[in-house]
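Visitor: missing the sequence, but the structure's below:
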């Protein structure tokens with residue numbers, strides 16, 4: 001047996017060398033290795049690197065003749081925490097480790113951006129299960145001794161060796177939790193749909209971004225009676241305006257409830273749900289589904305509903321994308337009275353038939369219902385509802401209630417257009433009532449105050465030597481990046497090689513950088529070493545350009561000194577990390593200009609005139625009212641830090657003792673603030689009379705109730721009409737003021753336009769509320785019929801199928817797999833291959849998670865049969881009474897037989913070949 005183990009270990013040695021750091025298991029291998037061998041391995045690691053040390057370790061290991069050496073090695077792996085490698089060697093199946101290779105290549109490519117954007121201290125607790133415990137300790141130590149960039153570099157090194165199958169997804173979740181910009185680049189397929197098979201075997205829907213309003217129950221501060229405290233407010237006493245908002249829905253009408261943030265719309269929803277459940281006669285039961293778009297919102301609302309209704313004897317359960325894998329949605333819906341869902345869950349269930357119809361529910365509540373448009377999951381659910389309504393079904397439909405702070409008006413320019421926009425939203429939600437507070441406005445205004453708004457146009461610097469120098473460094477860096485493109489000759493990256501004519505120090509420039517980095521992710525060359533070198537170089541250049549761009553933004557709105565400090569901190573971190581040849585050159589160029597930059601930043605004549613105006617407003621307001629409480633809104637975390645330092649170092653303003661409130665790592669520069677830290681900062685501002693100003697990013701413009709605040713300053717800070725309403729609403733105290741300071745006249749125009757749009761929206765709602773309800777219903781119905789006709793016609797428009805036969809080649813090794821003429825479509829969304837020839841092209845292994853969905857029973861995974869490839873092609877299933885393979889198009893390259901041209905497709909629906917339905921005459925025998 002030892003001889004076979006030795007042969008196998010030698011055959012799979014490359015996997016071991018890539019994964020194992022022998023330093024972590026040497027202590028467990030002491031009975032088998034000589035002292036001088038241990039020292040040689042340690043010296044090899046110190047002098048040449050981990051892989052060389054692992055190679056030497058394997059050499060000594062395979063030379064062992066003592067009985068039991070192989071079991072000793074496995075035990076050492078287990079003790080050290082190499083569970084994935086242990087499992088692979090024990091079964092001699094390295095497929096799981098092999099499947100990680102594409103993520104290792106991606107992380108190598110993204111390494112320059114990772115180390116400049118990710119704070120390892122923030123995400124280490126969330127990914128520690130994917131690393132060896134000693135690696136975690138080393139990362140912490142390096143962060144402490146050498147800085148965050150060096151720590152991030154060590155984290156990448158450890159992740160590249162990780163043998164844990166779930167590390168790419170765990171990293172993705174950690175990055176999303178910390179709201180890191182790097183998560184935009186770290187792409188891990190998940191939540192695919194239609195959800196019949198499994199996440200890695202089906203096509204993903206397009207990603208869209210929608211506006212999100214934070215629910216009141218997420219307030220960081222204490223509301224007068226917040227929904228999150230519902231279980232302790234006994235008895236619950238609603239305000240009159242809340243009863244007014246709930247009334248139409250209590251009467252059974254489909255309703256959009258439109259009311260300001262902070263007034264307790266979630267509490268209104270609780271009142272509606274309680275009334276709905278109690279109205280059913282004995283022997284009948286209601287069933288409510290509450291939709292929340294974002295996971296944190298879902299978790300909060302699930303908690304709120306559970307606390308409120310479980311004391312009343314009702315069953316509440318929640319399902320999100322994070323939990324749906326392990327539970328039966330059908331059973332959860334069947335066994336509970338109220339189900340809190342992220343909407344995509346229901347979209348998937350309606351598609352695959354797990355939930356046969358919306359008629360299983362008696363009430364649907366859509367939080368942030370203004371998102372019901374285009375291809376948002378809310379609209380996909382309502383498409384199903386409207387198809388049932390307009391299709392003449394006799395099955396009962398659930399009541400629909402929407403919650404929002406603003407219905408919006410889209411691009412409407414007048415009341416008539418706004419009314420049409422709002423009618424379309426009502427049609428999408430099948431509502432004929434818009435509930436707003438009219439009879440109890442005075443009571444509402446006691447809770448929600450609107451401050452006076454002032455606009456102040458401020459001046460920028462007339463000359464800016466700092467910007468000139470940094471811009472020159474950026475042009476040089478761009479030129480170096482352009483040289484990389486020139487090396488490629490005729491090969492170019494789309495939207496990337498066009499470098500010139502970009503405005504430095506702008507958000508658009510930041511977007512261009514992101515587009516370059518995304519293009520690098522999918523860039524391919526025949527020579528993989530050359531491909532890796534080019535992509536790494538581009539990531540380094542663009543990472544430095546991003547920092548320069550950030551510094552210019554700080555310089556524009558704060559002091560030169562703060563912008564320079566930002567860059568100095570960055571280059572200090574660069575030096576402490578890997579510091580390769582490109583980084584050395586870029587650092588050298590910066591340091592050549594450093595003395596001049598220092599001199600300019602200390603010159604008092606270069607003071608930012610914007611700060612003079614800001615100082616004047618603060619001094620004037622505190623002279624008029626020394627007890628004023630101020631929130632100063634700015635765009636970025638870097639500006640928060642810069643303005644905090646400016647106030648603290650300004651003798652005329654230091655008495656304000658500024659606090660800060662930011663999101664959880666939304667910028668590259670800082671770690672951000674955790675939720676407890678945010679609460680702490682807010683509590684300090686609320687209770688500590690000495691802290692008179694809070695400097696905040698957008699995290700504070702919604703969902704935070706600070707009743708004492710009487711002065712809001714928007715410093716170069718503006719958004720859409722909804723954000724404008726929320727931000728102004730932060731000034732809750734009577735007699736409060738709101739200032740907009742900007743050097744850009746267009747910003748003031750936009751803010752005035754937002755005010756005008758808000759008035760149009762309110763006037764439009766009032767006009768619609770005066771309509772006869774029957775007339776409104778007829779208007780809604782006509783829109784629904786028109787929209788369905790458009791939708792149906794669009795569904796019929798398909799890509800013209802290409803009837804020319806094409807080859808499918810393995811995407812990894814380019815081995816021939818099949819012809820498109822042999823592909824058949826099963827149940828409209830799954831693809832199999834008929835004929836015996838294909839069965840010789842793949843090998844199969846038992847599926848680690850066999851499951852049954854509909855007519856499918858997953859039995860095995862299928863892989864490319866070519867030696868040393870083993871690329872994942874899909875699964876083998878039992879479909880009804882037939883055994884068939886099901887392939888995924890993203891595993892293949894499509895080659896035109898005539899021209900030899902090759903093309904990649906991410907989804908079957910984007911591949912326009914002639915799709916023939918699967919039929920029994922072609923079933924394999």
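Guide: The structure has been received and is ready for your questions. Since the model is a prediction, treat every value here as computed from it, not as a measurement.
Visitor: so how far is residue 242 from residue 270?
Guide: Distance of residue 270 to residue 242, given as C-beta to C-beta, to the nearest Å: 10 Å. For the C-beta atoms, the positions are set from N, CA and C on the backbone; glycine is no exception.
Visitor: also residue 892?
Guide: Distance from residue 892 to residue 242, by C-beta to C-beta: 57 Å.
Visitor: any chance you could map the strands in the stretch 401-550 of the chain?
Guide: Assigned strands in the stretch 401-550 of the chain, in chain order: 433-435, 452-457 (criterion: DSSP state E, counting those that start in this stretch).
Visitor: who touches the last one?
Guide: Contacts of strand 452-457 from elsewhere in the structure, counted by C-beta atoms under 8 Å, 6 or more residues apart in numbering, are 613, 617, 728, 736-743, 745, 748, 751-752, 755.
Visitor: which ones among these lie within strands?
Guide: Per DSSP state E, strands hold the following members of the contacts of strand 452-457: 737, 738, 739, 740, 741, 742.
Visitor: what about these, which one has the most neighbours?
Guide: residue 740 (25 neighbours; other C-beta atoms under 10 Å).
Visitor: so it bridges to which residues?
Guide: residue 455, residue 714 (DSSP bridges).
Visitor: ok, it to residue 843 distance?
Guide: For residue 740 relative to residue 843 (C-beta to C-beta), the value is 65 Å.
Visitor: do residue 526 as well
Guide: Distance, residue 526 to residue 843, using C-beta to C-beta: 27 Å.
Visitor: need the contact list for the nearest residue to residue 169 once chain neighbours are set aside.
Guide: Nearest residue to residue 169, sequence neighbours excluded (C-beta to C-beta, 6 or more residues apart in numbering): residue 188, at 5.2 Å. Contacts were defined as C-beta under 8 Å, 6+ apart; by that measure residue 188 touches 103, 168, 169, 171, 172.
Visitor: picking up where we left off before, which of the strands of the stretch 401-550 of the chain has the lowest average pLDDT?
Guide: Comparing mean pLDDT across these, the lowest value falls on strand 452-457: a mean of 78.
Visitor: how far is it from where the chain is centred?
Guide: Distance, stretch centre to chain centre, for strand 452-457: 35 Å (C-alpha atoms, centre = their mean, to the nearest Å).
Visitor: any idea of the angle it forms with strand 737-742?
Guide: Strand 452-457 runs at 20 degrees relative to strand 737-742, counting by axes from the mean of the first three to the mean of the last three C-alpha atoms, to 10 degrees.
Visitor: buried ones in stretch 371-386, by neighbour count?
Guide: 371-373, 376-386 (16 or more other C-beta atoms under 10 Å).
Visitor: from the chain's centre, how far out does that stretch sit?
Guide: Distance, centroid of stretch 371-386 to centroid of chain: 21 Å (C-alpha atoms, centre = their mean).
Visitor: which other residues reach that stretch?
Guide: Applying C-beta under 8 Å, 6+ apart, the set of residues contacting stretch 371-386 is 205-206, 208, 210-212, 291, 293, 342-344, 346-347, 350, 358, 364, 366, 369, 397-398, 400, 402, 425, 428-430, 784, 787-788, 791.
Visitor: wait, residue 716 sits on residue 750?
Guide: No: at 11.9 Å, residue 716 does not count as touching residue 750 under the criterion of C-beta atoms under 8 Å.
Visitor: domain-wise, how is the protein divided?
Guide: Domain assignment for the chain by the TED database gives 3-92, 96-184, 240-404, 452-458+607-766, 493-593, 806-910.
Visitor: out of the ones you listed, nearest to residue 471?
Guide: Across these, residue 471 has its closest neighbour in domain 493-593 (5.1 Å, C-beta to C-beta).
Visitor: so which helix or strand of this structure has the lowest pLDDT on average?
Guide: Lowest on mean pLDDT, DSSP states H and E among the helices and strands of the chain sits helix 721-728, with a mean of 45.
Visitor: mind listing the helices for the stretch 351-500 of the chain?
Guide: Counting by DSSP state H, counting those that start in this stretch, the stretch 351-500 of the chain has helices at residues 377-390, 415-428, 441-447, 465-488.
Visitor: any regions of the stretch 701-850 of the chain where pLDDT drops low?
Guide: 701-708, 718-735, 795-801, 813 (pLDDT under 70).
Visitor: residue 462 - how many residues pack around it?
Guide: Neighbour tally, residue 462, other C-beta under 10 Å: 6.
Visitor: contacts only, for it.
Guide: Residue 462 neighbours (C-beta under 8 Å, 6+ apart): none.
Visitor: distance of it from residue 168?
Guide: For residue 462, the distance to residue 168 - C-beta to C-beta - is 51 Å.
Visitor: same check, this time on residue 603
Guide: Taken as C-beta to C-beta, the span from residue 603 to residue 168 is 49 Å.
Visitor: more neighbours: the two, which one.
Guide: A side-by-side neighbour count of residue 603 and residue 168, using other C-beta under 10 Å, places residue 168 first with 23 against 11.
Visitor: low-confidence ranges, the stretch 401-550 of the chain, go.
Guide: Applying pLDDT under 70 to the stretch 401-550 of the chain flags the ranges 449-451, 488-502, 518, 520-524, 528, 532.
Visitor: ok, 80 please
Guide: Scanning the stretch 401-550 of the chain for pLDDT under 80 picks out 446-454, 485-502, 507, 515-533, 535-536.
Visitor: re earlier: higher neighbour count, residue 526 and residue 843?
Guide: A count of neighbours by other C-beta under 10 Å puts residue 843 above the other of residue 526 and residue 843, at 15 against 6.
Visitor: so the more buried one sits in a helix?
Guide: No: judged by DSSP: H, G, I helix; E, B strand; the rest coil, residue 843 forms no part of a helix; its state is strand.
Visitor: circling back: pretty sure the residue nearest to residue 169 sits in a helix.
Guide: No: counting by three-state DSSP, residue 188 is not part of a helix but coil.
Visitor: quick one, grab the pLDDT at it.
Guide: 70.
Visitor: what is the neighbour count of residue 788?
Guide: 16.
Visitor: dump the residue contacts of it.
Guide: Residues near residue 788 by C-beta under 8 Å, 6+ apart: 386, 387, 390.
Visitor: surely residue 643 meets residue 633?
Guide: No: taking contacts as C-beta under 8 Å, residue 643 lies outside contact range of residue 633: 10.6 Å.
Visitor: pull up the overlap in contacts between those two.
Guide: residue 715.
Visitor: and the helix or strand hosting residue 831, what does it pack against?
Guide: In this structure, residue 831 sits in strand 830-833 according to DSSP states H and E. Here strand 830-833 touches strand 823-826, strand 882-887, going by 3 or more C-beta pairs under 8 Å, 6 or more residues apart in numbering; DSSP states H and E.
Visitor: what does it contact?
Guide: By C-beta under 8 Å, 6+ apart, strand 830-833 touches 196-197, 817-818, 822-826, 856, 879, 884-889, 908, 918.
Visitor: if you set the cut-off to 10 Å instead, what comes out?
Guide: 194, 196-197, 201-202, 808, 817-820, 822-826, 838-839, 841-842, 856, 873-877, 879, 882, 884-889, 908, 911, 915, 918, 922-924 (C-beta atoms under 10 Å, 6 or more residues apart in numbering).
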